[in-house]
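> Return a 3D structure for these sequence lines:
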Amino acid sequence: MSASAASRRPRCLDRVLDRVERMGNRLPDPLVLFAGLFLLTAVLTTVLGALGAQVQVPGEDEPVQVRSFFSGAGLTWFTTTMGENYIGFPPLVNVLPIVIAVGIAEGSGMLSAGIRGLFGSAPRWLLPYVIAFVGVNGNLMSDTSFVVIPPLAALVFAAAGRHPVAGLIGGFAAVGASFSTAMLPSPIDANFAGITSGVMGALPESLGATPVTVVSNYWINLASSLVLVLACGALIDRVLEPRLARAGIPRTTATEEEGAQDDVSSAVGVEEKRALVWAGATLVGLVALIVAIAVAPFSPWQSESGGLLPDSPFMGSIVFLIVMVFSVTGIVYGARVGTIRTGGDVARCMGQGLQSMTSFLVVAFALAQFLALFEWSGVGTYLAVHGAAWLQSAQLGGLPVVLAFVVLCAAANLFITSGTSMWGLMAVVFVPMLGLTGIEPAFVQAAFRIGDSSTQIITPLSPYLIVLLGMVRRYEPGAGLGTLVARLLPFTLVFFTVWVAILLVFYGLDLPIGPANDIHLG
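Reported below is the predicted structural model:
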């Protein structure tokens, strides 16, 4: 490829993405956007409710009736639950405790020193792939990975003298666009397998469908993870970071002093190394204690059946465990280097962590009300089931309907961001439907993962996209939702294309998608 051709390609891509960014940034501020969506949804539910709209969810005894907002019941619901909708907003439950704990680890200096120690001497070319590897496998921490991995990725890039915003956005893309896959079985596998097994009773026993377990998608997950890591690393290195450099995006936050970047990339001092040893020893002790409690006979963290998966008090304690790890090790490190001497220092670090989240807390109020209305009214279920019915009426068979199913899931994921909730709706329709055409339920589940993951990083309805916006605005105060969508869109398109290609390879070669799980029945 000639030099002129190579230079034209980024400029052409920049023009396309710049147009997407300008269009996206014409949207109102996120607070106003979600308030407007709330009102539009309220009107839509009122119209559908007046028409008596309802939908029969397969497997349910009673049809779901769309409930009207502008009615006595709707207004009573809203006026009595507005505070509960906000305070009980799931991302707040996860995000705020973690941000407080990360604030301690960051304010003490532990995160900066630890990342400089781990990655300061690593080859700069390798870092995008390291971030991609950690992010693609981030769903082992469930939703908390959206909060933990991106800021750490920014610090890794800063320590190596690379653009921290590339680490921030690239880390988010790696986590979100591949959220349903990983190189190790995760809680998501257990949740999906439980839902799939629950609807397989609708299949005739004569079909001989193979039971779905936690590892039923393991081979295709492993292959997908490896390829997505390479694709994500290449996108961060070849597309995202060069575009940030051409746009002149600052490498330091608005509150950092001139030359702070040089401090971040400096070597780890002797006192810092000693403090890191103490923090590392504390981390080992904490992990050993957690494991001992989790596996001990009659552990209170185990489920009633005695296990940890798919659902147990241990899995419900992930946020607590992350908070303990970051806060305790941060305090130990700070006590050794002198950045934390009193309880007031701990409180100061916690406050600094929360201060970075104030914009999200404001936007979350409107977002929480909108999503609560979407769920309470039943309009999301109504749209999803009718979309599935339309696809079923198309009477496609085999691979075409599988691909159409993936596209439908990708579109629905823009509105229903909970993968477990959406699979609960889709599985009851498509597992029996595709099973009757000879497709194993485990393969339907594998196809669902593609649509469930690839588009969730570009939907404004994702609360974690709003969290990312707050992080990016520390470097780029004028950034908007259009800015993020333009930078994340290449990840969505490439991940979707590559992942579908992997699905086609497995289908075309009739490869097993997991231990004892094939693609075709019989």
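> Could you use CA atoms for every contact and neighbour count after this?
Fine.
> Now do the helices for the stretch 1-150 of the chain: every range, in order, please.
For the stretch 1-150 of the chain, applying DSSP state H, counting those that start in this stretch gives helices covering 3-25, 30-50, 72-87, 90-107, 110-119, 127-136, 145-159.
> Dihedrals phi and psi, Asn517?
phi -120, psi 120 (degrees, to the nearest 10).
> what's it in contact with, if anything?
Asn517 makes contact with 210, 212, 216-217, 440, 442, according to Cα atoms under 8 Å, 6 or more residues apart in numbering.
> Compare the mean pLDDT across the helices of the stretch 1-150 of the chain and name the weakest.
With a mean of 62, helix 3-25 has the lowest mean pLDDT of these.
> What helices and strands are in contact with the host helix or strand of Tyr333?
Using DSSP states H and E, Tyr333 sits within helix 318-337. With contacts taken as 3 or more Cα pairs under 8 Å, 6 or more residues apart in numbering; DSSP states H and E, helix 318-337 sits against helix 90-107, helix 110-119, helix 270-295.
> Tell me the buried residues in the longest helix along the chain?
Assignment by DSSP state H gives helix 481-509 as the longest helix of the chain. By neighbour count on 16 or more other Cα atoms under 10 Å, the buried set for helix 481-509 is 481-492, 494-496, 498-500, 502-503, 506-507.
> how close does Gly307 sit to Leu321?
With distances taken as Cα to Cα, to the nearest Å, Gly307 is found 18 Å from Leu321.
> one step back: need the residues that contact the helix holding Tyr333.
94, 97-98, 100-102, 104-106, 108-110, 141, 144, 271-272, 274-276, 278-280, 282-283, 286, 340-341, 346.
> Next, the angle from the helix or strand following it to helix 90-107.
Next along the chain after helix 318-337, taking DSSP H and E as the criterion, comes helix 343-355. If you take axes from the mean of the first three to the mean of the last three Cα atoms, to 10 degrees, helix 343-355 sits at 130 degrees to helix 90-107.
> which of the contacts of helix 318-337 count as buried?
By 16+ other Cα under 10 Å, the contacts of helix 318-337 give 94, 97-98, 100-102, 104-106, 108-110, 141, 144, 272, 275-276, 278-280, 282-283, 286, 340, 346 as buried.
> Could you tell me how far Glu205 is located from Leu283?
Distance from Glu205 to Leu283, by Cα to Cα: 50 Å.
> which SSE is Tyr382 in?
Tyr382 belongs to helix 379-393, assigned by DSSP H and E.
> and the angle for the helix or strand hosting Glu375 with helix 343-355?
Applying DSSP H and E as the criterion places Glu375 in helix 358-377. Compare the direction of helix 358-377 with that of helix 343-355 by the same axes, to 10 degrees and you get 60 degrees.
> Now helix 358-377: buried residues?
359-361, 363-374, 376-377.
> for stretch 283-303, same thing?
Buried residues in stretch 283-303 (16+ other Cα under 10 Å): 283, 286, 293-294, 299, 301-303.
> between those, which is closest to Leu436?
Ser303 (35.2 Å; Cα to Cα).
> so what's that closest one closest to, chain neighbours aside?
Leaving aside its chain neighbours, Ser303 sits nearest to Ser312 (4.5 Å; criterion: Cα to Cα, 6 or more residues apart in numbering).
> Now do the same for that neighbour: helix, strand or coil?
Under DSSP: H, G, I helix; E, B strand; the rest coil, the three-state class of Ser312 is coil.
> Redo the helices and strands packed on helix 318-337 as TSV? Include distance to Cys232.
Below are the helices and strands packed on helix 318-337 laid out as TSV (distance: least, Cα to Cα, whole Å):
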stretch	distance to Cys232
helix 90-107	25
helix 110-119	19
helix 270-295	30
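> Neighbour-wise, give me the winner out of the contacts of Asn517.
Neighbour count (other Cα atoms under 10 Å) singles out Ala442 as the most crowded of the contacts of Asn517, with 29 neighbours.
> That one: which element?
Per DSSP H and E: helix 441-454 holds Ala442.
> got it, and Leu461?
Applying DSSP H and E, one finds Leu461 in no helix or strand.
> Give me the phi and psi angles of the residue lying closest to it once chain neighbours are set aside.
Nearest residue to Leu461, sequence neighbours excluded (Cα to Cα, 6+ apart): Phe415, at 6.6 Å. Phe415 has phi and psi values of phi -120, psi -30 when expressed as degrees, to the nearest 10.
> Can you give me every residue that contacts Ala177?
Counting by Cα under 8 Å, 6+ apart, Ala177 has contacts 453-457, 491-492, 495.
> which one of those residues is nearest Leu240?
Phe491 (9.4 Å).
> Make sure I have this right: Val214 is in a helix.
No - Val214 is assigned coil when assessed by three-state DSSP, not a helix.
> Which phi and psi values does it adopt?
The phi/psi pair for Val214 (degrees, to the nearest 10) is phi -60, psi -30.
> same check, this time on Val212
phi -100, psi 130.
> just the one 4 residues further on next, same as before
Phi and psi for Ser216, reported as degrees, to the nearest 10, are phi -70, psi -20.
> Pro515 now?
Per-residue torsions, Pro515: phi -60, psi 120 (degrees, to the nearest 10).
> Identify the residues contacting the closest residue to it other than its chain neighbours.
Using Cα to Cα, 6+ apart and skipping residues adjacent in sequence, the residue nearest Pro515 is Ser216, 6.2 Å away. By Cα under 8 Å, 6+ apart, the contact list for Ser216 reads 193, 442, 513-517.
> From Ile322, how far out is Ser216?
29 Å.
> what's around the residue nearest to Leu461, how many residues?
Neighbour number of Phe415 under other Cα under 10 Å is 19.
> Ok, Val325 next?
Neighbour tally, Val325, other Cα under 10 Å: 19.
> Mind checking which residue lies nearest the centre of the chain?
For the chain, Gly176 is the residue whose C-alpha lies nearest the centre (Cα atoms, centre = their mean; 3.7 Å).
> Just list the residues touching that residue, thanks.
Contacts of Gly176 (Cα under 8 Å, 6+ apart): 146, 453-454, 456-457.
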